[in-house]
Each structure stands twice: as structure tokens, then as C-alpha cells.
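Colleague: predicted model, plus sequence, below.
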Amino acid sequence: MIDAKTHWFVNDRFGLFIHWGLYSLGARHEWLMHNERVPTVEYERYAKYFEPDLFDPAEWARRAKAAGMKYVVLTTKHHDGFCLWDSQLTDYTVMNTPYRRDVVREFTGAVRAAGLKVGLYHSLLDWHHPDFFVDGMHPRRDDPDAATINTDRDMARYRQYLHGQVRELLTDYGQIDYLFYDFSYASAPFNVWGGKGAEDWGSVGLLAMTRELQPHIIVNDRLGLPGDFITPEEYQPTATMEVDGQAVPWEACQTLNGSWGYNRDKGPDKSVDLLVRMLVDGVSKNGNLLLNVGPTGRGNFDPKAMEVLEGLGDWMQLHSRSIYGAGSSRYVAPTDVRYTQRANRLYAHIFAWPLEYLHLPDLAGKVEYAQFLNDASEVSMLVIDPSAPALTTSVGGQPAGTLTLKLPIHRPHVSIPVVEIFLTD
């Protein structure tokens, strides 16, 4: 359900996710500590070499804005427990690396200066903290003494630490518009021993504190409690998403290549054309797209990611009014077309280019004008008599109420062509 807090979110539709931390030096997935069962002492060595001399948050914000994104979300701390801000509750922070600068402070300032909304990601897990219980997702899950490690650990102390760090982030860094908690795993589909959920995090109190400190913030659904929006990850929903039968704001979070953190040996699996389709398809179902880039260990975006962002920006520069402020339409689009609608403007995103004619059901008599969105060139319209026979050189009749657009043989030179249709009401 859209309310005053989520209005900007469902209007802006497109955001940048940034996963960055010590795992960027490993350059082989942000879960490398888990995947490779890396002992804490061994993993800590990355902090000695974390020196991102090319980190430029203003450049990050500039590239996000040029790509058509309206908000940017940064990992403050991932599951490895390393903090990108000057936390007073641990020494395991960026301040104790060769870099010695508060990344979160520089990031939030740069994003605001660019006119973008500020989002923070914060992991509920912490594989580094001495009181975080070992479980089936922990790097020490296969240790011979895994069953007894937790004897001297105290999740109550860890909860106090978790809440204290969130308080720092929501007190010392100005207005935070968006908070992505990650994640609860006490039940299916995770099914791991010792899985953790709302009680482990103290989620009721944590969410109450979050809203008290930042009254206008929107919060996701991964505390094990209902949130302001829901977060399908690495898949595209097939319909508008609902909770208890009621449509809710949602956001698909997607990687370029299956890895959230920088992965040197994997190029983007998703092309610009595919990502545009994913964005459009989501908006047609009242959803957002949060697209991730994992900066390198030196703090810059790698050339492959920049190429994708530039391609998205080229399309958004010409077609953003079919995205911002748009959502689903009551009209049913034909095969290989996705509709988005904003007030009396209907946008037909053509995924597969037809031969000359595009038939739009139930729109005859309801359209004043149609044009390509990329160049504002007129698109001819006609209504074909349902009884007209299909002859050698003429199109046969279409079902009553069908509006037919006559298209050029050559498609516009854009990733996904869009026809802007001006409805009569």
C-alpha cells in the first residue's frame, strides 16, 4: 500500500545498490568468508591492505544519476562484520585500515549533493563478532567443535551491539531515506541449523528505534517483520506483488553477474537490453529495480559495470517518462509488449518488433495521439473493420475495439522502443 513515506519510492522506480567491503579485495564473491570457510584471523588480513585510493563517492553518484537512477544504497556492514564507518563499538572498521576515512560519511554527503535519495544496507549477521552464534551459515559451521563454540557466546550482547551500531548510523549521518536490513533465516527456504529471525535480532525494538530516529525512512521486509516494501532477489515477479491479498510496493534487487561484491573473473551476464526489459517489466507490475554494482578494491567501478550503466543511461535519457511516476495499466498489453501508465499516458514497450502492424486490444476510440518516445515522431493509427477479409496486400479484420498502430519496418535504434499513447481520459 502506498503512503506518504513510500510515495517517492514508487515514483522513482530505479536505484543503485553498492556492495563494497573487504571482500572486494578477494574479488570472488561477497560471501567468500562463508563459501571458503575462511577463519576470522585469516580473513582479517584484508583490512591491512584496504586502501581504496580511487574511491570517489561523487563519481559514484554522478554515474548513478547519469544512468537514470534516483537513489543509491551502500552496504555499511556485510555479513563479514567489517564496518565502513567510524563505529565506536568495534575496532573492525575502515578507520583501522590504511584508508582511515569514514566511507559512509563521504558517501551520504556525495549522494545528497547529487540530489539523490540516500539508502543504507546493514547486515543483521556478523561472522566476526565473538558473541554471534555459530549456525549453519557461519564460516565455522563445519568446525569439529561447532556444537560447543556457542557455549561462551551471548546473543543478548550481540543484539545490544547490533542495535547500537544502527543507532550510530541513524543518528550521525543526516537524513537516511531508505534502510535495507539483511536478513532473517529462521525458517524455509533456508532450513539451516541455528537459523536466526526476529527474536534473535530483537526486531520489534530495532524497527521501533529505526522509525523513531528517522521518522520518514522506509524499511524493507527482512527483519522477520512486515516492512514498507518487499524485496524479491535475483528473480522477476510475474505479477504485482501482494501481502494478504493487498498490493504492496516491491523492489527486485538484481546483480550484473550473480555476485554482489566485485568478482574479477565474471563479466556481466545481463546485457543492457535485458536490464531495460527487467526494469520495464517490473514497473509494469508496480515494482522497482535496485541494480547492484560491486566496486573494486581500489574503490572504482570496473569498466564492464560502467559500460552497462552508460547503456542504461542512454535508454533512460530518452524514455524515463515511461518509468518515473508510472505503474501498471488496466489495459491488457499484447504478446511481447509491456504497458506502463502515468495519468492519461500509456506507454507501449515493444519487446519483439512486429512487421508493420501492432494490434492493441480495447483501445479503439480511446486514443488521441501516438508517438515514439525516443524522438516524438508520430505513429499512425487505424481501426480495421472486424469483418474485413485478409487479402493479398491488406491486413484482415481485428477483434472489435482493437486499435492498430502502423510501425516502420526498421525499429528505432534503442534497446527497447516505446510508443507513447495519449489516452482520451
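Modeller: Happy to help now that I have it. Numbering: from 1, shown residues only.
Colleague: now do the phi/psi pair for the residue nearest the centre of the chain.
Modeller: Computing the C-alpha centroid of the chain and ranking residues by CA atoms, centre = their mean puts L290 first, at 1.5 Å. When read as degrees, to the nearest 10, the backbone of L290 gives phi -110, psi 100.
Colleague: and what of C83?
Modeller: Note on C83: its backbone torsions stand at phi -100, psi 130 [degrees, to the nearest 10].
Colleague: show me the contacts for it.
Modeller: Listed by CB atoms under 8 Å, 6 or more residues apart in numbering, the contact set of C83 reads 76-77, 90, 92-94, 165. Every C-beta, even on glycine, is put in place using the N, C-alpha and C of the backbone.
Colleague: R157 too?
Modeller: Residues near R157 by CB under 8 Å, 6+ apart: D131.
Colleague: returning to that earlier point: which member of the contacts of C83 is positioned nearest V41?
Modeller: Y92 (12.2 Å; CB to CB).
Colleague: and for the closest one, the neighbour number?
Modeller: Neighbour count of Y92, defined by other CB atoms under 10 Å: 21.
Colleague: do the same with G81
Modeller: A count of neighbours around G81, defined by other CB under 10 Å, yields 23.
Colleague: and what of A208?
Modeller: A208: 11 neighbours (other CB under 10 Å).
Colleague: re the thing from before, if you look at the contacts of C83, which of them are in helices?
Modeller: Q165 (DSSP state H).
Colleague: would you verify that M209 is located in a strand?
Modeller: No: judged by DSSP: H, G, I helix; E, B strand; the rest coil, M209 forms no part of a strand; its state is helix.
Colleague: what separation do you get for it and A66?
Modeller: From M209 across to A66, the span is 36 Å (CB to CB, to the nearest Å).
Colleague: still on that earlier bit, and the residue nearest to the centre of the chain, what is it in contact with?
Modeller: Applying CB under 8 Å, 6+ apart to L290 gives the contacts 15-17, 73, 251-254.
Colleague: in strands only, show me the residues you listed.
Modeller: 15-17, 73, 251-254 (DSSP state E).
Colleague: and which of these is nearest to V243?
Modeller: Nearest to V243 among the ones in strands among the contacts of L290: E251, at 13.9 Å, using CB to CB.
Colleague: tell me the pLDDT at the nearest residue to the closest one once chain neighbours are set aside?
Modeller: Distances taken as CB to CB, 6 or more residues apart in numbering place N288 nearest to E251, at 3.9 Å, with adjacent residues excluded. You'll see N288 listed with a pLDDT of 98.
Colleague: distance from the chain centre to the helix or strand where N288 lies, please.
Modeller: For N288, the host element (DSSP states H and E) is strand 287-293. From the chain centre to the centre of strand 287-293 is a distance of 2 Å (CA atoms, centre = their mean, to the nearest Å).
Colleague: how much space separates the residue nearest to the centre of the chain from E251?
Modeller: Going from L290 to E251 by CB to CB gives 5 Å.
Colleague: now swap in E242 and tell me
Modeller: Distance, E242 to E251, by CB to CB: 15 Å.
Colleague: the two: which is more packed in?
Modeller: It is E251, of E242 and E251, that has more neighbours when counted by other CB under 10 Å, with 27 against 11.
Colleague: which residues are in contact with that one?
Modeller: Contacts for E251 (CB under 8 Å, 6+ apart) come out as 9, 15, 220, 229-232, 287-290.
Colleague: tell me the contacts of the closest residue to L291 other than its chain neighbours?
Modeller: Setting aside the residues directly before and after it, L291 is nearest to Q254 in space (CB to CB, 6+ apart), at 5.6 Å. Taking CB under 8 Å, 6+ apart, we find Q254 in contact with 233-234, 270, 275, 278, 289-292.
Colleague: same question for N191.
Modeller: With the criterion set at CB under 8 Å, 6+ apart, N191 makes contact with nothing.
Colleague: got the end-to-end distance for stretch 355-369?
Modeller: 21 Å (CA to CA, to the nearest Å).
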